[in-house]
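**Q** what follows is a predicted protein model with its sequence.
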Amino acid sequence: MANVAVVGTQWGDEGKGKVVDLYTEKADIVARFQGGNNAGHTLVVKGRKTILHLIPSGILHDNKICVIGNGVVFDPLVFLQEIEELQQGSLLPPNTKLFVSEKSHLIMPYHRSIDQAREARTSGKKIGTTGRGIGPAYEDKVARTGIRVGDLYEEDLFREKLRQNLEEKNFLLTNYYKDKPLDEEEIATQYLAYGQKIKPYVADTSLILDYEIKQGKKILFEGAQGSHLDIDHGTYPYVTSSNTVSANASCGSGIGPNTISTVVGICKAYTTRVGEGPFPTELKDDIGNHMQQVGQEFGATTGRKRRCGWLDMVLVRQAVRVSGITALAITKLDVLTGLDKLKICVGYESARGQFTYAAPASMRVLSACQPIYEELDGWKEDILYAREMNELPANARKYLKRLEELAEAKIVLVSVGAGREETIILEDPFHNKAP
Ligand code: IMP
């Protein structure tokens, strides 16, 4: 058995899409287990840029099974639009199957309205959400008032749930947020029609995964966002509304935790963050601009400029611990090329003492933390063509070595450019040996 979970070690946007895409070649099944269309995996395949927000990026490969698990919040319109886009670009391979869990919770129009109205109202205290209705959809799931994909096939029950929800949501929207009410019949007609269109994809995905595992098939669990956006372990409240850590690969897809054999943490060679919240190593200078420009650091979902800063190993070490990461994939190393000196944050200094393995839970304390840096020499050589570690400049290797020591996890892949081939592969996590 070799099932691999891939999770972000920072605040999302670590470049998971490319790594997942590469590992998909080794896997039979790719499963998403949390989040929704707040994610954005940018892939460059055959020189063509493709962004997938909801459908697993494994869809671009033939002979795979792609699963959207029960832990995902599902916007049927986005799903249908992505399928159409893939079809138009002739990117849908003939033998790849796509399934969505009947237990996935639907993102409804009122979830989007509440998400956006709430963010607009709380000026100064924004989370900086993607405005896709993710948080409100998870709220309803936990409140046990959510509507699930499977409900679309029991029209009377669906209409009743919608009516009950709208009674409350329209009250909130009009009276509290001073927004427009939403029309029940319009939503019912729209969603019941979506239900018919997505019907061929709807299934009990837990059973599918279990069956495939028993056939000896290999699963790749594709995490969205990153460890520090996790609802429990992240920089709360500046987080997303799901558990992004590896353990949720099990809950969010309906298989036992013992089926995950390796957890690969994706770590960008520097740090970025979109949305609000403390960011101890943030750079608001030329170096930060260099990272933003050269790294093309714009949010794949919202187009917002990402905040950039030095690599923060306090964050990475915490992510390694909470997700049981044993293998690290380092991305966007090429973005650091040309910088004279590089800094790695190895701890935080604060009035409460030092933090080295975990970020403080209090956002007030974290905001006041000063990073403790180690300085290393940079490199000037173009690394885009490196395919082996020894083809990297000595200073790039030193940087990676230090990262590996601090993380206490082994580097198994280094990405040196956006293209699939611009990668140094050291180990195959499905086999734990060089491919
Ligand atoms: P939400 O997930 O849309 O509710 O947004 C909550 C926070 O998570 C915001 O700071 C978003 O910018 C951030 N976020 C959500 N999805 C992603 C992602 O895929 N990458 C990076 N940040 C994300």
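**A** Nice, I can see it.
**Q** may I have stretch 391-409 exported as CSV, CA atoms only?
**A** Listed next in CSV are the C-alpha coordinates belonging to stretch 391-409 (Å, rounded to 0.1, in the frame of the first residue of the first chain):
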residue,chain,number,x,y,z
GLU,A,391,23.7,21.0,-10.9
LEU,A,392,22.7,23.6,-8.4
PRO,A,393,25.1,26.3,-7.3
ALA,A,394,26.8,25.4,-4.0
ASN,A,395,25.0,28.3,-2.2
ALA,A,396,21.6,26.9,-3.3
ARG,A,397,22.5,23.5,-2.0
LYS,A,398,23.6,25.1,1.3
TYR,A,399,20.2,26.9,1.6
LEU,A,400,18.4,23.6,1.0
LYS,A,401,20.6,21.7,3.4
ARG,A,402,19.9,24.2,6.2
LEU,A,403,16.2,24.1,5.4
GLU,A,404,16.2,20.3,5.7
GLU,A,405,18.1,20.3,9.0
LEU,A,406,15.7,22.8,10.5
ALA,A,407,12.6,21.1,9.3
GLU,A,408,13.8,17.6,10.4
ALA,A,409,12.3,16.2,7.2
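**Q** what's in contact with that stretch?
**A** The contact list for stretch 391-409, computed with C-beta atoms under 8 Å, 6 or more residues apart in numbering, reads 265, 267, 269, 311, 313, 316-317, 320, 325-328, 330, 333, 336, 342, 344, 346, 374, 376-381, 383, 385-386, 389, 410-411, 414, 416, 424. Backbone N, C-alpha and C define where each C-beta goes, glycine included.
**Q** mind checking which of the residues you listed are in strands?
**A** By the criterion of DSSP state E, membership of the contacts of stretch 391-409 in strands covers 265, 267, 311, 327-328, 330, 342, 344, 346, 374, 376-377, 410-411, 414, 424.
**Q** which among these count as buried?
**A** Among these, those buried by neighbour count (16 or more other C-beta atoms under 10 Å) are 265, 267, 311, 327-328, 330, 342, 344, 346, 376, 411, 414, 424.
**Q** could you dump the residues you listed into a markdown table with pLDDT added?
**A** As requested, these are arranged in a markdown table below (pLDDT from 0 to 100):
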| residue | pLDDT |
| --- | --- |
| Gly265 | 98 |
| Cys267 | 98 |
| Leu311 | 98 |
| Ala327 | 98 |
| Leu328 | 98 |
| Ile330 | 98 |
| Leu342 | 98 |
| Ile344 | 98 |
| Val346 | 98 |
| Leu376 | 98 |
| Ile411 | 98 |
| Val414 | 98 |
| Ile424 | 98 |
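**Q** start to end distance for stretch 388-401?
**A** Start to finish, the residues bounding stretch 388-401 are 14 Å apart (C-alpha to C-alpha, to the nearest Å).
**Q** and stretch 293-301, by the same measure?
**A** Between the opening and closing residues of stretch 293-301 lies a distance of 18 Å (C-alpha to C-alpha).
**Q** now that stretch, how far from the centre of its chain.
**A** Here the centre of stretch 293-301 is set off from its chain's centre by 15 Å, with C-alpha atoms, centre = their mean, to the nearest Å.
**Q** pull the residues that contact it.
**A** Among residues not part of stretch 293-301, those counted as contacts by C-beta under 8 Å, 6+ apart are 13, 37-42, 51, 53, 130, 132, 270, 272, 274, 291, 304-306, 308, 332, 335, 338.
**Q** before we move on, what about stretch 24-33?
**A** With C-beta under 8 Å, 6+ apart as the contact definition, stretch 24-33 has outside contacts at 4, 20, 54, 56-61, 63-69, 71-72, 205, 209, 212, 217-224, 248-253, 428, 430-431.
**Q** which of the contacts of stretch 293-301 fall in strands?
**A** For the contacts of stretch 293-301, the ones inside strands are 41-42, 51, 272, 308, with DSSP E as the criterion.
**Q** residues of the stretch 101-250 of the chain that sit close to the ligand?
**A** 127-130, 132, 134-135, 224-225, 229, 238, 240-241 (C-beta under 6 Å from any ligand atom).
**Q** now list the buried members of the contacts of stretch 293-301.
**A** For the contacts of stretch 293-301, a burial check counting by 16+ other C-beta under 10 Å picks out 13, 37-42, 53, 130, 132, 270, 272, 274, 291, 306, 308, 332, 335.
**Q** returning to what we had before: now the ones in strands among the contacts of stretch 293-301 in TSV, with distance to Leu77 and pLDDT?
**A** TSV is the format used below for the ones in strands among the contacts of stretch 293-301 (distance: C-beta to C-beta, whole Å; pLDDT from 0 to 100):
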residue	distance to Leu77	pLDDT
His41	19	77
Thr42	21	71
Ile51	16	81
Thr272	29	98
Cys308	32	98
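**Q** buried ones in the one helix or strand Glu160 maps to?
**A** Following DSSP states H and E, one finds Glu160 within helix 155-171. Within helix 155-171, the residues that count as buried by 16+ other C-beta under 10 Å are 158-159, 161-162, 165-166, 169-170.
**Q** which one of the residues you listed is nearest Leu192?
**A** Phe158 (7.0 Å; C-beta to C-beta).
**Q** how close does that closest one sit to Pro429?
**A** Phe158 sits at a distance of 41 Å from Pro429 (criterion: C-beta to C-beta, to the nearest Å).
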